[in-house]
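S.K.: could you work out the structure for the sequence below:
(2 chains)
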There are 2 protein chains.
Amino acid sequence: MSCISGLGEDEVNSFFESSPPLKNMEEIVQKLNAFIHLLNSSAGGRRRRRIVCVTSGGTTVPLEQRCVRYIDNFSSGNRGAASTENFVKAGYAVIFLFRRGTCQPYSRSLPDDPFLDCFQFPDNTNIQVNASHVEAVKMAVMDQQAAVAEARLLKLPFTTIYEYLQMLRLIATALKDVGPCSMFYLAAAVSDFYVPWKSMTEHKIESGSGPLDIRLAQVPKMLSFLRTYWAPKAFCISFKLETDSKILIEKATKALRKYKVHAVVANELSTRKEEVVVVSSSGNVVVRCDSEKPESIVEDNLIRLIVDRHSTYIKEFST
Amino acid sequence: MSCISGLGEDEVNSFFESSPPLKNMEEIVQKLNAFIHLLNSSAGGRRRRRIVCVTSGGTTVPLEQRCVRYIDNFSSGNRGAASTENFVKAGYAVIFLFRRGTCQPYSRSLPDDPFLDCFQFPDNTNIQVNASHVEAVKMAVMDQQAAVAEARLLKLPFTTIYEYLQMLRLIATALKDVGPCSMFYLAAAVSDFYVPWKSMTEHKIESGSGPLDIRLAQVPKMLSFLRTYWAPKAFCISFKLETDSKILIEKATKALRKYKVHAVVANELSTRKEEVVVVSSSGNVVVRCDSEKPESIVEDNLIRLIVDRHSTYIKEFST
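M.R.: From the prediction side, this is the model:
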């Protein structure tokens, strides 16, 4: 089968078969179904509500089964968190599939050490927020709680590449019926290389005897699977991060063709907070933050563009 | 020189010479000096105050200079955070050298998502703590702020192995004059293997062409250096974590002899929250949490034992 389609079915199947199973799969499925159910019922007679799965943060690759050491991808999760806020603002329901410990929606303005810096108990009983952090705390508490309470935000955490890919498959399957109103916005930094679970050492690798050689296999490219089998009608945005600006657009364009996604957001590591390039079949668009507004972030304009493109996609799909 | 002492001076020197320099070194040195100055002045006429450097969390090893991928050591930082609280309670000043994003002292009882779960703004203006989390929030805010305000806690974050080892050296040097009243409690999970900075690729490693082979060099063992050169009079506790209980005590005993530390705390990954073994020249002591007290953690009894041993050490040193 893999010879015919070229999508690497064998590798993908063997990846999932050999993965350690999700520990809390039932709980995740329940949360997902409840969220989608609420979404459908709240839409009522109005136009069908849109839903986006935003992935955020890096996946880990364990080097030992009883894991002490692992390979990780650097990602603060800022892009995913800021994009989530903008999608909620634009009326989307967001499934935020995030790496544990990375940046959370509505929490970007909090200081690094919020419990040390934001609060006081002046009379030992009643809590107060320090004046300099009132807006940041209100946003993290009120805006976030409102989004969750109104079924506009579902947060699902992952750590390893095994968890991430199994959860992404669950979400895609659950969203299949939403069709073109669903979107995948794949901002997570997914490992390209891993140690297959079955060839992994059980115990901690011993140190003390010279250099260590590690051979890493390539993670099968799941994006083709998502597009072809898991959620073929969904609008799909992937990301490309490079440190070398010279090869960035070329690699993003290649990814656009190879995975048949609707757009690739190209970022360079050192300038990613000021500028991205949206690469699609209709050409490349540079998106920047508004230099006049000090509060402006690149995600404000990026999500506006992506939402417009999604609207066009839904219209074209229904005609 | 390395032939004579056997400590590997050449490797250590070349590690530091080739490390990317600390970005905020001046700021760290200023904070350290101010903290130690306050400590000396607050001790006043009383007996000299004790100081401990608690290291906590795992160090990362970048695989690329403009780092996207890195190897990490699993460590929640729970041990270091809980130990810090107990040291403060026992009258110590604590320098908490911690991995960014890991568990913080006084914050162990907070839920995973505190801004979603702990607070409310019932009238849109004044904040309230939900009844179920009042004690956890008070501890994270009041106890932590008191410890910092009274110069009993200085928090210094690191991410990479390069930052960690340079900061550890700075702290050891700053504490040299404190002599036997100083302690190093090395609970951080320090990488054993790394890619030397100069042999590291500048840009993101390209994927797409088969498996990736990585050769990792051993990180020079700095513990011998700490004991011999940096802080020879300090009381020194190191940690040994294994996943295989069969080799744990043997490896801890070897480390005790090799690095000439005063004790090694041996933990097994799966039971580390219930039990540790303190391995020292006076024999092995099993330390557990009190099974009758539901709030009891193993660090309560562990720090009691370590503080006793430190007291004996100080007495023996002065006679």
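
S.K.: may I ask which helix or strand encompasses A:Lys251?
M.R.: Here A:Lys251 sits within helix A:245-259, counting by DSSP states H and E.

S.K.: run through who's touching that helix.
M.R.: Defining contact as Cβ atoms under 8 Å, 6 or more residues apart in numbering or on different chains, one finds that helix A:245-259 is touched by A:221, A:223-224, A:227, A:238, A:240, A:242, A:261, A:263-268, A:271, A:277, A:279-281, A:284. For the C-beta atoms, the positions are set from N, CA and C on the backbone; glycine is no exception.

S.K.: any idea how far it is from the middle of the chain?
M.R.: Offset of helix A:245-259 from its chain centre (Cα atoms, centre = their mean, to the nearest Å): 19 Å.

S.K.: name the next helix or strand downstream of it, please.
M.R.: strand A:263-268.

S.K.: helices or strands up against that next one?
M.R.: strand A:235-242, helix A:245-259, strand A:275-280, helix A:298-318 (3 or more Cβ pairs under 8 Å, 6 or more residues apart in numbering or on different chains; DSSP states H and E).

S.K.: tell me which of those sits nearest to B:Ser291.
M.R.: Comparing the helices and strands packed on strand A:263-268 by their distance to B:Ser291 (Cβ to Cβ), the top pick is strand A:235-242, with 49.4 Å.

S.K.: next, the angle strand A:263-268 makes with the closest one.
M.R.: Put simply, strand A:235-242 runs at 20 degrees to strand A:263-268, going by axes from the mean of the first three to the mean of the last three Cα atoms, to 10 degrees.

S.K.: quick one: is strand A:235-242 near chain B?
M.R.: Yes. Applying Cβ under 8 Å from any Cβ of the partner chain, one finds strand A:235-242 touching chain B at A:Leu241, A:Glu242.

S.K.: if you average pLDDT over the strand or helix carrying A:Asp10, what comes out?
M.R.: Here A:Asp10, judged by DSSP H and E, is contained in helix A:9-18. Helix A:9-18 carries an average pLDDT of 88.

S.K.: alpha carbons of the very next helix or strand once past that helix, as PDB, please.
M.R.: Later in the chain than helix A:9-18, the nearest helix or strand by DSSP H and E is helix A:25-43. The C-alpha trace of helix A:25-43 is given here as PDB (Å, rounded to 0.1, in the frame of the first residue of the first chain):
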ATOM      1  CA  MET A  25      -7.400   8.300  26.500                       C
ATOM      2  CA  GLU A  26     -11.000   7.800  27.800                       C
ATOM      3  CA  GLU A  27     -10.900  11.100  29.700                       C
ATOM      4  CA  ILE A  28      -9.500  12.900  26.600                       C
ATOM      5  CA  VAL A  29     -12.200  11.400  24.300                       C
ATOM      6  CA  GLN A  30     -14.900  12.400  26.800                       C
ATOM      7  CA  LYS A  31     -13.700  16.000  27.100                       C
ATOM      8  CA  LEU A  32     -13.500  16.200  23.300                       C
ATOM      9  CA  ASN A  33     -17.000  14.800  22.700                       C
ATOM     10  CA  ALA A  34     -18.500  17.100  25.400                       C
ATOM     11  CA  PHE A  35     -16.800  20.100  23.900                       C
ATOM     12  CA  ILE A  36     -18.000  19.300  20.300                       C
ATOM     13  CA  HIS A  37     -21.500  18.600  21.600                       C
ATOM     14  CA  LEU A  38     -21.700  22.000  23.300                       C
ATOM     15  CA  LEU A  39     -20.400  23.600  20.200                       C
ATOM     16  CA  ASN A  40     -23.100  22.100  18.000                       C
ATOM     17  CA  SER A  41     -25.900  22.900  20.500                       C
ATOM     18  CA  SER A  42     -24.700  26.500  21.100                       C
ATOM     19  CA  ALA A  43     -24.600  27.200  17.400                       C
END
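
S.K.: gap between helix A:25-43 and the chain center?
M.R.: 19 Å.

S.K.: can you pull the buried residues of that helix?
M.R.: The neighbour-count criterion (16 or more other Cβ atoms under 10 Å in any protein chain shown) identifies A:Ile28, A:Leu32, A:Phe35, A:Ile36, A:Leu38, A:Leu39 as the buried residues of helix A:25-43.

S.K.: is it positioned near chain B?
M.R.: No. Against chain B, helix A:25-43 shows no contacts by Cβ under 8 Å from any Cβ, the least distance being 13.9 Å.

S.K.: okay, the angle between whichever helix or strand comes after that helix and helix A:25-43?
M.R.: Of the helices and strands lying after helix A:25-43 in sequence (DSSP H and E), the nearest is strand A:51-56. Comparing the axes of strand A:51-56 and helix A:25-43 via the same axes, to 10 degrees yields an angle of 140 degrees.

S.K.: quick one: contacts of strand A:51-56?
M.R.: For strand A:51-56, contacts defined as Cβ under 8 Å, 6+ apart pick out A:36, A:39, A:75, A:77, A:79-81, A:83-84, A:87, A:92-99, A:102-103, A:164, A:168, A:171-172, A:175, A:178, A:181-188, A:190.

S.K.: if we can go back for a sec, quick check: mean pLDDT of the helix holding A:Lys251?
M.R.: Throughout helix A:245-259, pLDDT has a mean value of 93.

S.K.: touching, A:Asp213 and B:Ala217? I think so.
M.R.: No. Using Cβ atoms under 8 Å, A:Asp213 makes no contact with B:Ala217, being 10.9 Å away.

S.K.: more neighbours: these two, which one.
M.R.: A count of neighbours by other Cβ atoms under 10 Å in any protein chain shown puts B:Ala217 above the other of A:Asp213 and B:Ala217, at 15 against 9.

S.K.: ok, how many other residues are close to A:Ala90?
M.R.: 16.

S.K.: repeat for A:Ala189
M.R.: Residues lying near A:Ala189 (other Cβ under 10 Å) number 25.

S.K.: could you do A:Pro232 as well?
M.R.: By other Cβ under 10 Å, the burial measure for A:Pro232, its neighbour count, is 13.

S.K.: that older thread, pick the most deeply packed of the helices and strands packed on strand A:263-268.
M.R.: Among the helices and strands packed on strand A:263-268, strand A:235-242 has the highest mean neighbour count (mean count of other Cβ atoms under 10 Å in any protein chain shown), at a mean of 23.

S.K.: hang on, the earlier thing: which of the buried residues of helix A:25-43 lies closest to B:Val298?
M.R.: Using Cβ to Cβ, the buried residues of helix A:25-43 come closest to B:Val298 at A:Ile28, 31.7 Å.

S.K.: isn't that closest one up against A:Leu22?
M.R.: Yes. Contact criterion Cβ under 8 Å: A:Ile28 and A:Leu22 qualify, at 6.8 Å.

S.K.: which neighbours do the two share?
M.R.: Common neighbours of A:Ile28 and A:Leu22, using Cβ under 8 Å, 6+ apart, are A:Met167.

S.K.: which residues of the stretch 1-150 of chain A lie near chain B?
M.R.: Residues of the stretch 1-150 of chain A lying close to chain B (Cβ under 8 Å from any Cβ) are A:60, A:63-64, A:66-74, A:100-101, A:104, A:106-107, A:110, A:112-116, A:119-121, A:124, A:127-129, A:137-138, A:140-142, A:144-145, A:148.

S.K.: go again with 7 Å.
M.R.: Listed as neighbours of chain B in the stretch 1-150 of chain A under the rule Cβ under 7 Å from any Cβ of the partner chain: A:66-74, A:101, A:107, A:115-116, A:119, A:121, A:127, A:129, A:137-138, A:140-142, A:144-145, A:148.

S.K.: can you give me the end-to-end span of stretch A:262-276?
M.R.: 16 Å (Cα to Cα, to the nearest Å).
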